[in-house]
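**Student:** got a predicted structure here, sequence first:
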Amino acid sequence: MRHPTNTPFSSTSFIVVLVFGMAIDVCLCFPGIPSSLMALPVLGYFSFDGNEFAAKDFGNQFHYLPSAVLHPKKVSDIAETIKHVWQMGPASTLTVAARGHGHSLQGQAQAPQGIVINMESLSGQEMQVHNGKLPYVDVSAGELWINILQECLKYGLAPKSWTDYLHLTVGGTLSNAGISGQAFRHGPQISNVHQLEVVTGKGEVVICSEEKNADLFHGVLGGLGQFGIITRARISLEPAPKMVKWIRVLYSDFSIFARDQEHLISAQNTFDYIEGLVIVNKTGLVNNWRSSFNPEDPEQASHFISDGKTLFCLELTKNFNPDEAANVDKEIKTLLSQLNYIPSTLFITEVTYLEFLDRVHAAELKLRTKGLWELPHPWLNLLVPKSNILSFTEGVFGSILTDTNNGPVLVYPVNKSKWDNRTSFVTPDEDIFYLVAFLPHAVPSSAENNGLQYLISLNNRILNFCEEAHLGVKQYLPHYTTQDEWKSHFGPRWEVFVQRKSAYDPLAILAPGQRIFQKAISIL
Ligand code: FAD
């Protein structure tokens, strides 16, 4: 079936390619591309105009228009399209990028002049929940995690590992890692998948798991879209609680805050979710962190004054069902008694499990009304080894970063034992490492400290500081511009990454927006 909006098309563009190490401008003319795509036997359709959405992402800094967008109906549409590009060989410049929900930060899901596959077109496919001894759900990779949660809750089940925000696709987060406050216990989302269906860079449809085609399975998990397009996933489930006690407490000393976090992620009996926030605010007005929470002791809480100090907010949850309500309070009291937070800063609230997991969407709706959601997001996510987290915080908070008014800064540790080092994901080489996430929004035209250029330069200062101090930091959702930087990111794992690329996507057709490999083009 062809969609009525398909229009005749001819692609003529100037790009820079490297020929024998020299950058030259080349005029590339491929008048045959659209007609050959239109001739493909797909059940969905291609669009050749109105594709501006595919040149946009959450980062809102990179905008590359594709030549075409495939809106697939079946996996076979994706396989046919990639096989076609593969068969065109190096004479064609065409590349292919899967686009999940487009929540990348630096154009990672874009394909300049190439084909973007709109994975959400597949998401209407049926989800199948298997409610056995080891429950799991089979889903389309274009499905949003929020929809999976809602479906699984009908069976009293839920996935185990999350991201803070659920309006992201399965394929998008599995291509990165999927990290949140449950990762200390369950590992990231890539540690909670049993099986995948993948279309490789040659257009082959492959089912893979620990037992079958294990190299491809591990390769695509955290593989930044380089080895194949994930089309279906089998995700591990657990019984879902109905309610959540959601707790926030403050610290003014990072070493005490970190010691408590590390104690909690290592303890047998502990909370269900453990994260942390940094509040750098020289004005001393720091009430956002507790705006929808209730103080445990209102009288004491009213006396707390921040004095403009840098504060560290520990965020915890304990899940429970209504018939366990009395016990859960006792358990929380015992767990909190082991911690050393500022006593007057204990704040608690109670919400449903769904409300808790979907909490960032509630914030999104508010930001949208203020026009702050569509702004550029120069985010920086780092993984810092435990042995260097004190040097990191001393160097960054309060000196490089002088306020956190433009967006949250998260800091929390995870256990490396829950990560599988056969996947493509690289972590710092220590048993515990911290996720540190700087999540600002920027006003493009501002010359103040909320301006895009200012925030980008702030990120560069943080990265330079980490490099000069040899802190062993890795980027999460990495962004580099040269292959040498990618080599250094992967370190000893680079060779495996390259081998996998040549096995599964030898022409470097897939995910060009990551800028790791460039498609080899033979110019006649
Ligand atoms: P896209 O941006 O569309 O794609 C990301 C990359 O994966 C691209 O290279 C794309 O080509 C590739 N890709 C997409 N689908 C597939 C597929 N099916 N097969 C192969 N490759 C594919 N991350 C966390 O880990 N934890 C968080 O708590 C967290 N919170 C976030 C909150 C917000 C508000 C936002 C905007 C992002 C957050 N992220 C978080 C980051 C998020 O996980 C990544 O940006 C993710 O890539 C977004 O998913 P997406 O579906 O929009 O993917």
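**Tutor:** Alright, I've got the coordinates. Numbering: from 1, shown residues only.
**Student:** shaky segments in the chain?
**Tutor:** 1-33, 282-287, 523-524 (pLDDT under 70).
**Student:** quick check, central residue of it?
**Tutor:** The centre of the chain sits closest to T173, judged by C-alpha atoms, centre = their mean, with a distance of 5.0 Å.
**Student:** helix or strand: which one has that residue?
**Tutor:** Following DSSP states H and E, the helix or strand that holds T173 is helix 170-174.
**Student:** next structured bit after that helix?
**Tutor:** Assigned by DSSP H and E, the successor of helix 170-174 is helix 183-186.
**Student:** distance between stretch 38-47 and the chain's centre?
**Tutor:** 30 Å (C-alpha atoms, centre = their mean, to the nearest Å).
**Student:** tell me the buried residues in that stretch?
**Tutor:** M38, V42, G44, Y45, F46, S47 (16 or more other C-beta atoms under 10 Å). All C-beta atoms are positioned from the backbone trio N, CA, C, and that covers glycine.
**Student:** which ones among those map onto helices?
**Tutor:** Among the buried residues of stretch 38-47, the members falling in helices (DSSP state H) are M38.
**Student:** the ligand: which of the buried residues of stretch 38-47 is nearest?
**Tutor:** Nearest to the ligand among the buried residues of stretch 38-47: G44, at 14.9 Å, using C-beta to the nearest ligand atom.
**Student:** so how far is I279 from that closest one?
**Tutor:** According to C-beta to C-beta, to the nearest Å, G44 and I279 sit 47 Å apart.
**Student:** what does C313 give?
**Tutor:** In terms of C-beta to C-beta, C313 sits 6 Å off from I279.
**Student:** intersection of neighbour lists for those two?
**Tutor:** W289 (C-beta atoms under 8 Å, 6 or more residues apart in numbering).
**Student:** for the two, indicate the residue with more neighbours.
**Tutor:** Neighbours around C313 and I279, counted as other C-beta atoms under 10 Å, are more numerous at C313. The numbers are 24 against 21.
**Student:** ok, now which ones touch the more buried one?
**Tutor:** Counted by C-beta under 8 Å, 6+ apart, C313 has contacts R248, V249, L250, Y251, G276, L277, V278, I279, W289.
**Student:** for these, which one is nearest V360?
**Tutor:** Nearest to V360 out of the contacts of C313 is L277 (C-beta to C-beta; 13.0 Å).
**Student:** just checking, the closest one touches V411?
**Tutor:** Yes. In terms of C-beta atoms under 8 Å, L277 counts as a neighbour of V411; the distance is 7.4 Å.
**Student:** that older thread, so which of the buried residues of stretch 38-47 sit within strands?
**Tutor:** Y45, F46, S47 (DSSP state E).
**Student:** could these go into JSON lines alongside distance to W145?
**Tutor:** Listed next are those as JSON lines, based on distance: C-beta to C-beta, whole Å:
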{"residue": "Y45", "distance to W145": "26"}
{"residue": "F46", "distance to W145": "28"}
{"residue": "S47", "distance to W145": "26"}
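**Student:** for G407, see how far away P378 is.
**Tutor:** 10 Å.
**Student:** ok, the two, which is more surrounded?
**Tutor:** Legend: neighbour count by other C-beta under 10 Å for P378 and G407, higher for P378 (26 against 19).
**Student:** residues contacting the closest residue to that one other than its chain neighbours?
**Tutor:** Leaving aside its sequence neighbours, P378 sits nearest to L455 (C-beta to C-beta, 6 or more residues apart in numbering; 4.5 Å). L455 is in contact with P378, N406, P440, A442, N449, counting by C-beta under 8 Å, 6+ apart.
**Student:** and those residues, which are buried?
**Tutor:** For these, buried by 16+ other C-beta under 10 Å: P378, N406, P440, A442.
**Student:** can I get the strand or helix carrying P413 as CSV, trimmed to CA atoms?
**Tutor:** Assigned by DSSP H and E, P413 falls within strand 409-415. Once non-C-alpha atoms are left out, strand 409-415 reads as follows in CSV (Å, rounded to 0.1, in the frame of the first residue of the first chain):
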residue,chain,number,x,y,z
VAL,A,409,21.0,17.7,38.6
LEU,A,410,20.8,14.0,39.6
VAL,A,411,23.5,12.0,41.5
TYR,A,412,23.0,8.4,42.5
PRO,A,413,25.1,5.3,42.7
VAL,A,414,24.5,1.9,41.1
ASN,A,415,26.0,-1.6,41.5
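**Student:** not counting it itself, show me its contacts.
**Tutor:** Contacts of strand 409-415 (C-beta under 8 Å, 6+ apart): 164, 179, 181, 183-185, 188, 258, 261-262, 265-266, 274-278, 280, 312, 386, 389, 393, 397, 401, 431-439.
**Student:** after it, which helix or strand is next?
**Tutor:** strand 432-438.
**Student:** return the distance of the helix or strand following that next one from the chain's centre.
**Tutor:** Once strand 432-438 ends, the next helix or strand along the chain (criterion: DSSP H and E) is helix 452-468. How far helix 452-468 lies from its chain's middle: 20 Å, per C-alpha atoms, centre = their mean.
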